[in-house]
Structures are given as C-alpha cells and as structure tokens.
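In: just coords:
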Ligand SMILES: O=C(O)CCc1c2[nH]c(c1CC(=O)O)Cc1[nH]c(c(CC(=O)O)c1CCC(=O)O)Cc1[nH]c(c(CC(=O)O)c1CCC(=O)O)Cc1[nH]c(c(CCC(=O)O)c1CC(=O)O)C2
C-alpha cells in the first residue's frame with residue numbers, strides 16, 4: 001500500500017474533495033461536475049498557436065508545454081477537471097518503442113508486432129524499467145499543472161492494454177483490428193505476453209501521474225468494441241485489471257476525514273462502441289464507467305443495477321447543432337444521468353477538432369445551471 005506524498009493535492013491541506021471526486025465516489029455533489037475528453041487540443045486556437053512547429057510527441061514530453069496545454073481548457077471553459085495532456089502512446093515512446101503520431105491519421109508504429117519473436121524482442125528491448133527511468137518529464141508536467149490548478153482536480157490517463165496492443169500489432173489506426181484479434185487466437189501465449197507488457201507500461205504511466213498529483217485516473221480502451229464478450233473476458237480484461245491495480249494500491253488521507261482513513265484514488269474506465277461489454281467493464285471494479293453516446297445513461301445504469309456512477313455521454317454530433325437542439329439533448333443526458341448514484345457530465349467521445357470552443361464554454365455554464373433539474 002503506497003501512501004501518496006503529503007505534497008499530493010488531495011492530501012496537502014485540501015480538506016474537501018472536489019465535486020468530480022465526490023461524484024466518482026458515488027456521492028452526488030451539489031454541482032454537476034463536467035469536463036470533456038480531448039478538451040485540450042485542436043479545438044482551441046491557443047493550442048494551435050502554442051503547438052505550431054512542435055511535433056505532438058515532443059509537446060507531450062515538454063513539461064512546460066504539456067502543463068500549459070492542459071490548463072488552457074480549464075481557464076477558457078471553467079470545467080470541473082483537467083485531463084493531463086498526453087497520449088496513450090507516450091509510455092511506449094518513453095520506453096524507447098519507435099512510434100510517431102501522424103496528423104490526420106494517429107499513432108503509427110514502423111515496426112508492427114506480428115509474431116512471438118516480435119513480442120519477445122519488444123519485451124526484451126523495452127521493459128517497463130526503461131519507462132520508469134524516463135518518466136521524469138511526466139511527473140514534472142503533472143506537478144506543474146497541479147501547482148496551478150488549486151482546487152480543480154487533474155485526471156491522469158492511460159490507454160488500456162488491448163488498445164495499445166492493437167495499435168502495435170496493426171502498426172497504426174485500424175477499423176476492425178483483425179490482425180490483433182487473430183494473434184489472440186493463433187498464438188495465445190504471445191498475445192498474453194504482449195498484453196502483460198502493455199498492462200505494466202500503462203500501469204507505471206498511470207501510477208506516475210497519480211503519485212505526482214493527479215486526483216483520479218481514467219483508462220481508455222477505445223478499441224475494445226471490436227471484441228466479443230468471450231474474447232474480452234478471456235484474453236483482455238485481466239490485463240486491464242492489472243493496470244488498474246497499480247493505481248488502486250495508491251492511497252491518500254483526506255485531512256478533513258475524522259478517522260484519517262486511507263482512501264483509494266478514484267478510477268474511470270471508458271470504451272467506445274462496446275455496449276455489449278458494459279457488464280464486463282463493471283467487473284473491473286473502477287469507481288465509474290464512461291459511456292459513449294450510443295446508449296442512454298438510464299439504460300446503462302439499469303443494466304448495471306443502478307449502483308455505478310456514470311460519466312458521459314453527450315453525442316458529439318450535437319456540438320454543431322442549433323443551440324435549442326443542443327440544450328434539449330443536454331437536458332436529456334442530465335435527466336438520464338439521475339438514474340445513476342452520481343453523474344459526471346462528459347461527451348460520449350473526445351472533442352472533435354473542428355468544434356467551436358464557445359459551444360463547450362456554453363455547455364459548461366448550462367450544465368452548472370441545469371445540473372439539479
Ligand atoms: O494533431 C494534433 O495537434 C494532436 C492531436 C492529438 C493526439 N492526441 C491528443 C491530441 C490533441 C487533440 O485531440 O487535439 C491528446 C490526447 N489523446 C488522448 C487524450 C485523452 C482524451 O481523449 O481526453 C488526449 C488529451 C486530451 C486533453 O488533454 O484534453 C487519448 C487518445 N489518443 C489516441 C486514442 C485512441 C484513438 O483515438 O484511437 C486515445 C483514447 C481516447 C479516444 O478514444 O479518443 C490516439 C491518437 N492520438 C492522436 C490522435 C489524432 C490523430 C489525428 O487525427 O491527427 C489519435 C487517434 C484519434 O484521435 O483518432 C494525437
């Protein structure tokens with residue numbers, strides 16, 4: 001059990017945990033917490049200006065720039081949480097894996113991992129220890145952010161092992177991840193070793209963000225939707241569990257708590273197009289589940305027995321709709337979120353790059369105004 005350092009914002013003198021943390025712990029706060037996946041980034045002119053000429057991965061590894069980019073949407077929109085500006089491939093990059101992010105395409109791996117020998121080489125050449133040795137810029141960036149955030153919590157994040165492994169096997173973005181899903185069955189031992197490697201790297205990456213000051217942690221399994229429930233439970237969820245365990249072992253003591261009880265840092269799991277895996281995600285034991293836009297929150301909550309805090313799930317397609325339509329959708333989502341023990345308002349997926357930032361600022365204000373309907 002690792003007790004977070006006294007310098008951790010949640011422990012260092014902040015007596016009341018934030019609306020976000022309370023909601024993730026299943027206590028409905030008096031203010032509806034709202035933040036947006038991908039709130040930092042291309043939708044903001046100040047991001048495009050600051051990042052001009054700096055490659056994406058360099059920006060993520062420059063503590064001053066990563067911290068400033070993380071803070072931009074918090075200043076502009078007044079969201080109730082920051083999410084660390086990084087990417088799911090950063091732990092792999094820091095461990096020395098050859099990867100780049102191609103604008104308009106996404107992460108690209110020049111040396112895809114296709115065979116047992118490729119997996120062995122990857123694990124031998126890029127052990128988690130290599131990541132631990134190179135993690136300093138991430139810790140420094142998180143410390144810079146939390147020093148400026150004050151009472152607003154920072155959410156750390158990592159990619160889930162399956163999504164990372166799928167990128168590595170496919171070599172880049174893919175629609176159905178067929179090569180990755182094939183390796184799972186043609187060489188289960190190689191697949192298991194690859195997932196264990198990815199799980200450890202994501203675990204180290206998440207743990208570093210949390211121990212440096214992040215108040216919550218989100219695991220993104222963006223591509224899990226391509227898996228059958230059988231394959232997910234047999235070949236994937238144990239590795240996601242391993243990643244999450246690295247964070248769950250961290251504890252903090254809220255100075256306001258009468259009994260000085262150690263508390264775990266709250267965790268969130270998010271996947272896209274994976275409604276059929278909802279109950280399996282709940283078995284991961286995260287505090288909350290992020291739901292994409294395809295399933296109403298009240299339906300998700302009913303399937304989960306009404307006991308799981310939910311995050312989401314505005315449909316990004318409404319961000320370019322007339323204000324009246326967007327408000328009606330916002331009201332629907334807030335109302336549906338009342339079926340869960342607590343609700344964190346978010347989009348059902350990341351902010352589309354072409355989004356008008358004024359719309360996001362307006363959403364935050366309306367959500368705070370309507371939050372108790
Ligand atoms: O070109 C740029 O300026 C950087 C684009 C950018 C990347 N990561 C980024 C940003 C900031 C932003 O979204 O504007 C920065 C980024 N990537 C991510 C996050 C966490 C979050 O979504 O809030 C964040 C930080 C968001 C924040 O701090 O607000 C996580 C991420 N990267 C990625 C994935 C997996 C996936 O989406 O397939 C995921 C999981 C979340 C998701 O499903 O959206 C991989 C990735 N990284 C990246 C891309 C975009 C490539 C492109 O279309 O140009 C892509 C693929 C994609 O988004 O389709 C690069």
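Out: Structure received. Quick caveat: nothing in here was measured; it's all calculated off a predicted structure.
In: Share the number of residues neighbouring residue 319, please.
Out: 20 (other C-beta atoms under 10 Å). (Glycine included, C-beta is placed from N, CA and C.)
In: Enumerate the residues of the stretch 201-350 of the chain near the ligand.
Out: With C-beta under 6 Å from any ligand atom as the criterion, the stretch 201-350 of the chain comes near the ligand at residues 220, 222, 272, 349, 350.
In: List the contacts of residue 342.
Out: Contact partners of residue 342, counting by C-beta atoms under 8 Å, 6 or more residues apart in numbering, are 22, 23, 24, 25, 26, 27, 28, 29, 288, 309.
In: Tell me the pLDDT of the fifth one.
Out: Per-residue confidence (pLDDT) for residue 26: 95.
In: Tell me how far the helix or strand encompassing residue 232 lies from the chain's centre.
Out: Using DSSP states H and E, residue 232 sits within helix 229-235. Centre-to-centre, helix 229-235 and its host chain are 21 Å apart (C-alpha atoms, centre = their mean, to the nearest Å).
In: Counting neighbours, which bits of it end up buried?
Out: Within helix 229-235, the residues scored as buried using 16 or more other C-beta atoms under 10 Å are 231, 232, 235.
In: now the residue in the stretch 251-373 of the chain that the ligand sits nearest to, what's its secondary structure?
Out: The ligand sits closest to residue 350 of the stretch 251-373 of the chain, with a gap of 3.8 Å, by C-beta to the nearest ligand atom. Recorded secondary structure, residue 350: coil (DSSP: H, G, I helix; E, B strand; the rest coil).
In: what's the neighbour count on it?
Out: Residues lying near residue 350 (other C-beta under 10 Å) number 20.
In: sorry, back to before: including pLDDT, could the residues of the stretch 201-350 of the chain next to the ligand go into a markdown table?
Out: Converted to a markdown table, these look like this (pLDDT from 0 to 100):
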| residue | pLDDT |
| --- | --- |
| 220 | 98 |
| 222 | 96 |
| 272 | 96 |
| 349 | 97 |
| 350 | 98 |
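In: give me the element residue 155 is part of.
Out: Using DSSP H and E, residue 155 falls within strand 154-159.
In: Name the helix or strand for the residue lying closest to residue 120 once chain neighbours are set aside, please.
Out: Closest residue to residue 120 apart from its sequence neighbours, by C-beta to C-beta, 6 or more residues apart in numbering: residue 193 at 7.7 Å. Using DSSP H and E, residue 193 sits in helix 188-211.
In: Now do whichever helix or strand comes after that helix: distance to the chain's middle.
Out: Downstream of helix 188-211, the first helix or strand assigned by DSSP H and E is strand 216-221. How far strand 216-221 lies from its chain's middle: 3 Å, per C-alpha atoms, centre = their mean.
In: what comes into contact with strand 216-221?
Out: 20-21, 24, 81, 83, 88, 153-160, 162-163, 202, 206, 209-210, 240, 243-244, 247, 265-271, 274, 286, 290.
In: Go again with 6 Å.
Out: 24, 155-157, 159-160, 162-163, 206, 210, 247, 266-271 (C-beta atoms under 6 Å, 6 or more residues apart in numbering).
In: how many other residues sit next to the closest residue to the ligand within the chain?
Out: Nearest residue of the chain to the ligand (C-beta to the nearest ligand atom) works out as residue 41 at 2.3 Å. Residue 41 has 19 neighbours, counted by other C-beta under 10 Å.
In: sec struct for it, please.
Out: Under three-state DSSP, residue 41 comes out as coil.
In: what's the nearest residue to it if we skip its chain neighbours?
Out: Spatial nearest neighbour of residue 41, excluding adjacent residues (C-beta to C-beta, 6+ apart): residue 47 at 5.6 Å.
In: Spit out the contact partners of that neighbour.
Out: Each residue near residue 47 by C-beta under 6 Å, 6+ apart is listed here: 41, 69, 72.
In: Which parts of the helix or strand containing the last one count as buried, going by neighbours?
Out: It refers to residue 72. Taking DSSP H and E as the definition, one finds residue 72 inside helix 63-77. Residues of helix 63-77 classed as buried: 63, 65-74, 76-77 (neighbour count, 16+ other C-beta under 10 Å).
In: Find the least confident helix or strand in this protein, judged by mean pLDDT.
Out: Across the helices and strands of the chain, mean pLDDT, DSSP states H and E gives its lowest value to strand 2-3, namely a mean of 69.
In: C-terminal to that one, what's the next element?
Out: That would be, after strand 2-3 and using DSSP H and E, helix 19-24.
In: which residues are contacting that following helix?
Out: If you take C-beta under 6 Å, 6+ apart as the criterion, helix 19-24 is touched by 29, 31, 33, 80-81, 153, 215-216, 266, 287-288, 309, 342, 344.
In: What is the most widely separated pair among the residues you listed?
Out: 31 and 287 (18.4 Å; C-beta to C-beta).
In: So which of these two has more stuff around it?
Out: Between residue 31 and residue 287, residue 287 has the larger neighbour count (other C-beta under 10 Å), namely 22 against 16.
In: Can you list phi and psi of that one for me?
Out: Backbone torsions of residue 287, given as degrees, to the nearest 10, read phi -60, psi -40.
In: so how far is residue 238 from it?
Out: Residue 287 sits 20 Å away from residue 238, taking C-beta to C-beta, to the nearest Å as the criterion.
In: returning to what we had before: could the contacts of residue 342 go into CSV alongside neighbour count?
Out: Listed next are these as CSV, based on neighbours: other C-beta atoms under 10 Å:
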residue, neighbour count
22, 19
23, 30
24, 29
25, 18
26, 15
27, 13
28, 18
29, 20
288, 27
309, 25
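In: so the nearest residue to residue 83 once chain neighbours are set aside bridges to which residues?
Out: Among residues not flanking residue 83 along the chain, residue 155 sits closest, at 4.6 Å (C-beta to C-beta, 6+ apart). Beta-bridge pairing for residue 155 (DSSP bridges): residue 83, residue 216.
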